[in-house]
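A.B. asks: fold the following for me, if possible:
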Amino acid sequence: MSVAVIIGGSAGIGQAAAVAAARRGFGVVVTYRQHPEGADETLRAVKELGGTAVALPLDVGDVASFGGFAERLRETVAATWQTDRIQALVNNAGIGESAMLGDITEELYERLHRVLLKGPLFLTQALAPLLADGAAIVNTSSSSTKAAGLTPGYSVYGSLKGGLVVLTRYLAKELAGRGIRVNSVSPGPTRTRLSDDAFERFPELIAPLAARTALGRIGEPDDVGAVIAFLISDDARWITGQDIEASGGYDL
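C.D. replies: Here you go, the predicted model:
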């Protein structure tokens, strides 16, 4: 059984990626921080497909906890699937905050940095010994890294997500000797829980964003989850070091 670990799999894109991975035959481990009920929803959705899934708590902003998490993950995978290796890692946990230049604080920067760049780097380092040769890693970035369509206030968020895209290319180079593929996915505006369910609280934001999207709507988690599941599958065996924009043609 191939096992995929979906970091931040309790809602939104992570939840959709977990379900899509299960459809492709993966056993799934999802992590959650403050949304255990969402993780339970993910487990139920996977089990309804006839798959197997487990959930583990993890704070991606707490690098000191990664060694203990790696050991819990190793024990969980061995007990659930009788294997000592994982075939896919999806670094999807995220937070979103905005601030114009004059309002950026060191606290805001550090908060975003811990989760968006530092966390994926050191978590991948901690889990690399568990990755099977030939495994796949996908990092969730953002279309905010692109040259067009910049939204004022997202300089810190977009810069850190841009750093994740660069990190992806370096990891693809460094891990190629083990046959491990590393790619990133950059969603455009997508209906998720990011920024405290912004689209639920401010539905008036949706129409202008849809108007800027070639395919005429904002993204849904399933749109992006399907791309992630493809990239961790053998169908994408010849793709590595790439950033795949999954935005429906946002600002095309």
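
A.B. asks: what are the ranges of the strands in the stretch 51-200 of the chain?
C.D. replies: Here the stretch 51-200 of the chain has its strands, by DSSP state E, counting those that start in this stretch, at 53-57, 86-91, 131-140, 181-187.

A.B. asks: mind checking which of the ones you listed is nearest residue 150?
C.D. replies: If you check each of those against residue 150 by Cβ to Cβ, strand 181-187 wins as the nearest, at 13.7 Å. Placement of C-beta: from N, CA and C, glycine included.

A.B. asks: show me what that closest one is packed against.
C.D. replies: With contacts defined as 3 or more Cβ pairs under 8 Å, 6 or more residues apart in numbering; DSSP states H and E, strand 181-187 has these neighbours: strand 131-140, helix 155-175, helix 221-232, strand 243-246.

A.B. asks: how about the strands of the stretch 51-200 of the chain, which one is nearest residue 6?
C.D. replies: Closest approach to residue 6 among the strands of the stretch 51-200 of the chain (Cβ to Cβ): strand 86-91, 4.7 Å.

A.B. asks: show the secondary-structure elements that that closest one is packed against.
C.D. replies: Where contact means 3+ Cβ pairs under 8 Å, 6+ apart, strand 86-91 is packed against strand 3-7, helix 12-23, helix 119-127, strand 131-140, helix 221-232.

A.B. asks: now with 7 Å, please.
C.D. replies: In terms of contacts (3 or more Cβ pairs under 7 Å, 6 or more residues apart in numbering; DSSP states H and E), strand 86-91 is packed against strand 3-7, helix 119-127, strand 131-140, helix 221-232.

A.B. asks: mind saving the C-alpha coords of the second one as PDB?
C.D. replies: Output for helix 119-127, consisting of C-alpha atoms alone and laid out as PDB, is shown next (Å, rounded to 0.1, in the frame of the first residue of the first chain):
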ATOM      1  CA  GLY A 119       7.800  24.800   8.600                       C
ATOM      2  CA  PRO A 120       7.700  23.000   5.200                       C
ATOM      3  CA  LEU A 121      11.500  23.100   5.000                       C
ATOM      4  CA  PHE A 122      12.200  21.600   8.400                       C
ATOM      5  CA  LEU A 123       9.300  19.200   8.300                       C
ATOM      6  CA  THR A 124      10.500  17.800   4.900                       C
ATOM      7  CA  GLN A 125      14.000  17.500   6.500                       C
ATOM      8  CA  ALA A 126      12.500  15.500   9.500                       C
ATOM      9  CA  LEU A 127      10.400  13.200   7.300                       C
END
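
A.B. asks: with that, I have no additional questions.
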